[in-house]
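Peer 1: Next comes the sequence, and after it the predicted model I'd like to discuss.
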Amino acid sequence: MSGDTMKRKAVQGGLWSLVENVGSQGLTFVVFVVLARLLEPGEFGLAALASVFVALALVFSNQGLSDALVQKEVLKPEHLDAVYWVNNAIALVAAALCFLFAPGIAHLFGEPELAPLLRVLCISFVFNSLGLVHLAMLRRELRFRSLALRRLTAAFAGGTVGLIMAWRGYGVWSLIMQQVVNSFVAMLILLAGYRWHPRLRFSRAHFVELFHFSSHTLGTSVMNFCMLRADRLLIGFFLGKVDLGYYALAQQLISIMALIFVGSISSIAFPVLSRYTESLKRQEVFTVALKVTCLVAFPAFCGLMLTAHEVVPAVFGADWIPAVPLIQVLAAVGFFYAIFYLVDALAMAGGRADWVFRVNLLNIILYAIAFFIAVPFGIVAVAMAFVARGVLVSPARAFMACRLLPEPAVVVRQALLKPLAITLLMAAGLVGLQALVPPDTGCAWWVLIVAGLLLYGLGCGLLDRRFIWQELRALPGLLRSQS
């Protein structure tokens, strides 16, 4: 595949990934807001606690083998068959264990309502596993349009079920059934969208070839789970479901924004970067991806941090005001996400999954120490510990980038300085405007959002007009070629 063709596919993939993330997360956000208004913080925390066990099971049922299918240069049918049967066998075992031990888990946390939630959610393990090979092959072939349509359709189906159930008073079950329906519809679309069927065979040799790479990826996935989900288990155990409800709302809001503003680029970065072997060309692609990500992510998370006092009561209701300081603290994590996700994708594409594993292991150790120091001081201190470990691990990720990029200083200058300057300009304007607009007025929140967008546009026009205009001029041709 030529360089121009790869660039065109990468940009098209970015566009479809943006459509996918904005659409699916937009639907998720609507359901999220409705449920937050209908549920008590304790009920919301209970649903968050149940979802942690589902996320853990999905990590082990995948084992990083789908990423190995994407990364491997020469792929044979035996590789696909081996991954399919191993993934599904583990998913079935995980579902059975979750079903059997659900009452014990509920007793451990002192929440008897947790058991039936877990027993229903465990079926999603199998739904997700059945389509993992199909998903990996679509990513490998850079068919991001198919991936976007699959996720949008599944999100719409799950969101519709969740909203109907919420309005009919099913409470926490609305969120549970939203997840089950989402995974079921996504599985059906994957099976229909990629024409491949497994054979009744298993090659141990081909499995071992993939497992050498996936073992590090599995370790990384476990580490990511611990960084992003394990805190919910600990908060639920030590601080209770009400504090967990506030924390889950704040973390879910940050997660939705991260998927829209960071995930749209980082989700295609690994398969695209994997296709480049020449270091300078890989650096060029990485630089553009990082700059685009930072241009949207930095202002978005900064804006949320500054306007949370006005936005949260207006959108989620007054019951969620205690979540405001958590949102403001956790929004700082978005700045790290914008950079770290792409650095990890760069390392994975370069075959250094072991580096990502080691850095994430350091992440876990630092966060575990910080968590147990912070938990006696309350939920806000726990959120600050979550951000602190991101700061502490930054030098390790910077080391990774310096080893993988031939000219890291050029990347910093081209990709980070202007997005940071635009964000500071927007932040200064918002702080000044907040001093003029009384916070108790009903229009304060949307006035600040509109002002933030205008200031962001002004900053882009003043500081980075040439880059943005160049990318915008390329969009019509890319859209025509994709259609």
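Peer 2: Nice, I can see it.
Peer 1: burial count for the residue nearest to G350 when sequence neighbours are not counted?
Peer 2: Among residues not flanking G350 along the chain, L404 sits closest, at 5.5 Å (C-beta to C-beta, 6 or more residues apart in numbering). The way it works is simple: take the backbone N, C-alpha and C, and place the C-beta from them, glycine included. Number of residues near L404 (other C-beta atoms under 10 Å) recorded here: 20.
Peer 1: what does A96 give?
Peer 2: For A96, the neighbour count with other C-beta under 10 Å is 12.
Peer 1: Convert stretch 404-424 to PDB, retaining C-alpha atoms only.
Peer 2: In PDB, the C-alpha atoms belonging to stretch 404-424 read as follows (Å, rounded to 0.1, in the frame of the first residue of the first chain):
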ATOM      1  CA  LEU A 404      10.700   5.400  19.600                       C
ATOM      2  CA  LEU A 405      10.900   8.800  17.800                       C
ATOM      3  CA  PRO A 406      14.000   9.900  15.900                       C
ATOM      4  CA  GLU A 407      13.300  13.600  16.600                       C
ATOM      5  CA  PRO A 408      11.200  13.900  19.800                       C
ATOM      6  CA  ALA A 409      11.900  17.600  20.200                       C
ATOM      7  CA  VAL A 410      10.400  18.300  16.800                       C
ATOM      8  CA  VAL A 411       7.200  16.400  17.800                       C
ATOM      9  CA  VAL A 412       6.900  18.400  21.000                       C
ATOM     10  CA  ARG A 413       7.300  21.700  19.100                       C
ATOM     11  CA  GLN A 414       5.000  20.800  16.200                       C
ATOM     12  CA  ALA A 415       2.300  18.900  18.100                       C
ATOM     13  CA  LEU A 416       2.000  20.300  21.700                       C
ATOM     14  CA  LEU A 417       2.900  24.000  21.900                       C
ATOM     15  CA  LYS A 418       0.100  25.500  19.800                       C
ATOM     16  CA  PRO A 419      -2.700  23.400  21.300                       C
ATOM     17  CA  LEU A 420      -1.500  24.400  24.800                       C
ATOM     18  CA  ALA A 421      -1.300  28.100  23.800                       C
ATOM     19  CA  ILE A 422      -4.900  27.900  22.400                       C
ATOM     20  CA  THR A 423      -6.100  26.300  25.600                       C
ATOM     21  CA  LEU A 424      -4.500  28.900  27.800                       C
END
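Peer 1: If you count neighbours, what's buried in that stretch?
Peer 2: Using 16 or more other C-beta atoms under 10 Å as the burial criterion, the residues of stretch 404-424 that qualify are L404, L405, V411, Q414, A415, L416, K418, P419, I422, T423.
Peer 1: Which of the residues you listed fall within strands?
Peer 2: Among the buried residues of stretch 404-424, no member falls in strands (criterion: DSSP state E).
Peer 1: Export these to a markdown table and append columns for distance to V329 and pLDDT.
Peer 2: Formatted as a markdown table, the buried residues of stretch 404-424 follow (distance: C-beta to C-beta, whole Å; pLDDT from 0 to 100):
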| residue | distance to V329 | pLDDT |
| --- | --- | --- |
| L404 | 31 | 86 |
| L405 | 31 | 87 |
| V411 | 29 | 83 |
| Q414 | 30 | 81 |
| A415 | 26 | 82 |
| L416 | 23 | 86 |
| K418 | 26 | 86 |
| P419 | 22 | 88 |
| I422 | 23 | 89 |
| T423 | 18 | 90 |
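Peer 1: Now the phi/psi pair for R275, please.
Peer 2: Backbone torsions of R275, given as degrees, to the nearest 10, read phi -80, psi -10.
Peer 1: any idea of the mean pLDDT for the strand or helix carrying V359?
Peer 2: V359 belongs to helix 353-374 when assigned by DSSP states H and E. For helix 353-374, mean pLDDT is 86.
Peer 1: With stretch 36-53 instead?
Peer 2: For stretch 36-53, the per-residue pLDDT values average out at 83.
Peer 1: Equivalent analysis for stretch 24-32, please.
Peer 2: Computed over stretch 24-32, the average pLDDT equals 76.
Peer 1: try stretch 429-449
Peer 2: For stretch 429-449, the mean per-residue pLDDT is 74.
Peer 1: repeat for stretch 314-333
Peer 2: Stretch 314-333 shows an average pLDDT of 91 in the prediction.
Peer 1: In that stretch, which residues are buried?
Peer 2: Buried, per 16+ other C-beta under 10 Å, within stretch 314-333: 316, 319-320, 322-333.
Peer 1: Stretch 51-58 now?
Peer 2: S51, V52, F53, V54, L56, A57, L58.
Peer 1: State the distance from the first one to V312.
Peer 2: So that's S51. For S51, the distance to V312 equals 21 Å [C-beta to C-beta, to the nearest Å].
Peer 1: quick one: which helix or strand includes A269?
Peer 2: Going by DSSP H and E, A269 is in helix 263-274.
Peer 1: again, but for A192
Peer 2: Assigned by DSSP H and E, A192 belongs to helix 172-193.
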